[in-house]
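> Compute the structure for the input listed below.
(one chain, ligands or ions: 1)
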Amino acid sequence: MTIYQNLIAGEWTGADAVENINPSDTKEVVGLYASGSAADTRNAIAAAKAAFPAWSRSGIWERHVILKKAGDEIMARKDELGALLAREEGKTLPEAIGETIRASQIFEFFAGEALRLAGEVVPSVRPNIGVEITREPLGVIGIITPWNFPIAIPAWKIAPALCYGNTIVFKPAELVPGCSWAIVDILNRAGLPKGVLNLVMGKGSIVGQTMLDSPDLAGITFTGSVGTGKRVAVSSIEHNRKIQLEMGGKNPMVVLDDADLSVAVEAAANSAFFSTGQRCTASSRLIVTEGIHDRFVAAMTEKLKTLNVDHALKTGTHIGPVVDERQLKTDTDYIEIGKKEGAKLAFGGELISRDTPGFYLQPTLFTEATNQMRISREEIFGPVASVIRVKDYDEALAVANDTPFGLSSGIATTSLKHATHFKRNAEAGMVMVNLPTAGVDFHVPFGGRKGSSYGSREQGKYAAEFFTTVKTAYTLA
Ligand code: NAD
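As a prediction, this is how the structure comes out:
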């Protein structure tokens with residue numbers, strides 16, 4: 001089998017490889033992917049450092065052309081790359097193709113942004129002096145990504161990093177190297193100079209840790225768990241390095257008495273269970289007011305009966321497998337914890353066998369949960385959600401905000417008053433009204449607050465905040 005290698009200083013390299021396994025069919029090896037060493041990582045950092053002076057001064061047209069070419073190729077190959085994504089991560093094929101299209105759109109967006117780079121010229125408060133405010137690239141950026149969006153998250157970090165003139169050392173999640181390799185290959189062939197984008201696949205404890213220990217990374221943009229995010233933060237203080245951290249969530253979805261029941265059920269089922277509940281914006285706390293509670297639970301249970309859990313590539317599959325054995329164990333452990341804590345298992349909770357050996361778990365709904373239970377406080381990151389019964393809107397808002405996290409927050413209501421109040425008072429970076437908590441646009445800011453995020457927003461023009469540093473120049477006329 002061919003080994004998909006690391007790209008360091010423009011050369012494909014690496015003989016040590018690990019198998020990329022399909023969670024829908026654990027007999028299938030998607031490919032063999034290089035597993036880099038600490039020395040590989042240091043070489044990649046050195047290559048990115050050497051490439052920075054020229055790339056940081058490259059013309060915006062050159063950046064535009066490369067980013068546009070990449071976006072076009074990803075779009076032209078959306079079915080093939082979507083199938084690769086579905087095979088390595090387990091998202092259903094339509095979800096995987098949708099994510100691939102989004103990656104293409106992100107490259108298109110930043111191809112445009114490259115041509116819109118601008119600064120400000122303002123008068124000084126002192127006579128005969130001019131002031132220019134410009135944005136300059138940061139330097140070498142470390143990009144560390146998780147497994148749950150194998151193409152979109154790498155795209156939304158790589159595209160702005162290049163657009164604003166930075167060079168990159170990119171370390172994708174061990175579980176899903178395939179889409180990352182494909183993006184790097186596409187950008188490399190699109191004409192990036194050697195060393196501008198370096199790919200080092202491999203273990204977090206080796207490749208990731210070597211990046212954290214390096215004094216040569218000017219910034220690290222990280223998406224992943226809270227624990228790893230904290231390590232990134234601590235190491236970065238020591239190196240005086242800029243960071244952008246996107247971490248966990250425990251997102252609430254409030255359903256009020258006056259909600260349109262079908263809108264509420266569609267939004268809640270999507271939020272909690274699509275993409276196998278493995279989205280940082282997934283909702284796992286369904287906070288429902290008394291008057292609609294029983295009807296909502298009954299309708300949700302009926303809805304869950306209609307969702308097929310099966311092989312990600314099979315037509316008609318609504319929910320693919322859990323990503324791997326470890327995550328499956330986490331999910332089933334939390335199901336046991338929920339039962340022990342006194343929540344009532346209203347649907348699911350069982351492993352399922354299908355034609356192929358995979359990590360199949362029924363969507364699982366608890367009722368009679370409280371917001372103090374561990375299943376309501378800790379991120380599970382699987383197809384497991386709980387219904388928390390509340391008296392009224394005020395209690396719903398208080399429970400929604402009573403969490404260490406603050407990524408996305410949703411409400412189903414037909415009341416303008418409550419929707420408006422919720423938009424203003426939800427302690428989250430993103431608020432959804434009559435929509436799932438997950439599912440966001442590529443041209444507007446993405447990110448959270450409290451324990452979910454640290455640093456400036458990703459995506460849209462707000463991305464410039466992290467990937468550039470501001471310079472103020474004074475000139476005597
Ligand atoms: P993870 O923290 O285990 O891994 C994330 C990345 O960090 C991987 O590439 C991993 O190899 C690397 N890593 C591990 N140890 C490291 C170390 N010591 N030094 C440097 N890098 C290291 O997270 P995961 O399991 O891949 O992803 C799931 C998590 O990601 C969930 O908590 C989820 O909520 C979060 N997530 C957040 C967002 C968001 O935007 N807020 C989006 C997607 C996923």
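
> Could you pick out the residues of the stretch 1-150 of the chain near the ligand for me?
Applying CB under 6 Å from any ligand atom, we find that the stretch 1-150 of the chain lies next to the ligand at 144-149. Just so you know, the C-beta spots here come from the backbone N, C-alpha and C atoms, and that holds for glycine as well.

> Select from those residues the one having the most neighbours.
Neighbour tally across these (other CB atoms under 10 Å): the maximum, 27 neighbours, falls on Thr145.

> The ligand: which of the residues of the stretch 1-150 of the chain next to the ligand is nearest?
For those, the residue nearest the ligand by CB to the nearest ligand atom is Pro146; the value is 3.0 Å.

> Settle this for me: the closest one is touching Ile153, isn't it.
Yes. The pair Pro146 / Ile153 is scored as a contact, 6.7 Å apart, by CB atoms under 8 Å.

> mind listing what Ser271 touches?
For Ser271, the contact set (CB atoms under 8 Å, 6 or more residues apart in numbering) comprises 251, 253, 281-283, 410, 436-438.

> Nearest residue to the middle of this protein?
Compute the mean C-alpha point of the chain, and by CA atoms, centre = their mean the closest residue is Ile153, 5.0 Å away.

> what packs against the longest helix seen in the chain?
Once the chain is assigned using DSSP state H, the helix that runs over the most residues is helix 93-115. Counting contacts by 3 or more CB pairs under 8 Å, 6 or more residues apart in numbering; DSSP states H and E, helix 93-115 packs against helix 60-76, helix 78-89, helix 152-163.

> Need the ones you listed in a markdown table (columns: mean pLDDT).
What follows is the helices and strands packed on helix 93-115, written out as a markdown table (pLDDT from 0 to 100):
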| stretch | mean pLDDT |
| --- | --- |
| helix 60-76 | 98 |
| helix 78-89 | 98 |
| helix 152-163 | 98 |
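
> Which positions in the longest helix of the chain come out as buried?
If you call a residue buried by 16 or more other CB atoms under 10 Å, then helix 93-115 has these buried ones: 93, 95-111, 113-114.

> Ok, which of the helices and strands packed on helix 93-115 comes nearest Ser124?
helix 60-76 (27.6 Å; CB to CB).

> buried residues in that closest one?
For helix 60-76, using 16+ other CB under 10 Å, the buried residues are 63-64, 66-75.

> Kindly report the same for stretch 180-190.
Applying 16+ other CB under 10 Å to stretch 180-190 flags 180-184, 186-188, 190 as buried.

> tell me the average confidence for that stretch?
Stretch 180-190 shows a mean pLDDT of 98.

> and if you look at stretch 466-477?
Mean predicted confidence for stretch 466-477 is 97.

> same thing with stretch 204-224?
Mean pLDDT, stretch 204-224: 98.

> Repeat that for stretch 3-12.
Computed over stretch 3-12, the average pLDDT equals 98.

> how about it: buried residues?
Those buried within stretch 3-12 under the rule 16+ other CB under 10 Å are 3-9, 12.

> Among those, which one sits closest to the ligand?
Asn6 (14.1 Å).

> of all the residues in the stretch 151-300 of the chain, which ones are close to the ligand?
By CB under 6 Å from any ligand atom, the residues of the stretch 151-300 of the chain that approach the ligand are 171, 173-174, 204-205, 208-209, 212, 223-225, 228, 231, 246-249, 280.

> just the buried members of the residues you listed?
Buried by 16+ other CB under 10 Å: 171, 173-174, 204, 208-209, 212, 223-225, 228, 231, 246-249, 280, out of those.

> Strands - which of those residues land there?
Judged by DSSP state E, strands contain the following of those: 171, 223, 246.

> quick one: Ala96 and Glu89 touch, right?
Yes. Counting by CB under 8 Å, Ala96 touches Glu89, with 7.4 Å between them.

> Please identify every residue contacting each of those two.
Common neighbours of Ala96 and Glu89, using CB under 8 Å, 6+ apart, are Ala312.

> still on that earlier bit, could I get the buried residues of stretch 3-12 in CSV, plus columns for secondary structure?
Below are the buried residues of stretch 3-12 laid out as CSV (DSSP: H, G, I helix; E, B strand; the rest coil):
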residue, secondary structure
Ile3, strand
Tyr4, strand
Gln5, coil
Asn6, strand
Leu7, strand
Ile8, strand
Ala9, coil
Trp12, strand
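
> what's the closest of those residues to Asp25?
Tyr4 (19.6 Å).

> Now do the spatially closest residue to Arg231 that is not a sequence neighbour against His239, distance only.
Excluding its sequence neighbours, the residue lying closest to Arg231 (CB to CB, 6 or more residues apart in numbering) is Leu212, at 6.4 Å. Here Leu212 is placed at a distance of 8 Å from His239 (CB to CB, to the nearest Å).

> what's the pLDDT at the one residue in the stretch 251-400 of the chain that gets nearest to the ligand?
Scanning the stretch 251-400 of the chain for proximity to the ligand using CB to the nearest ligand atom identifies Cys280 as nearest, at 3.1 Å. pLDDT for Cys280: 96.

> can you check the one 10 residues further on too?
Model confidence at Glu290, expressed as pLDDT, equals 98.

> Could I get the contacting residues of it?
257, 389-392.

> Filter those down to the ones in strands?
389-390.

> Narrow the contacts of Glu290 to just the buried residues.
257, 389-390.

> Would you reformat the residues you listed as a markdown table and include pLDDT and distance to Gly349?
Formatted as a markdown table, the buried ones among the contacts of Glu290 follow (pLDDT from 0 to 100; distance: CB to CB, whole Å):
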| residue | pLDDT | distance to Gly349 |
| --- | --- | --- |
| Asp257 | 98 | 28 |
| Arg389 | 98 | 20 |
| Val390 | 98 | 24 |
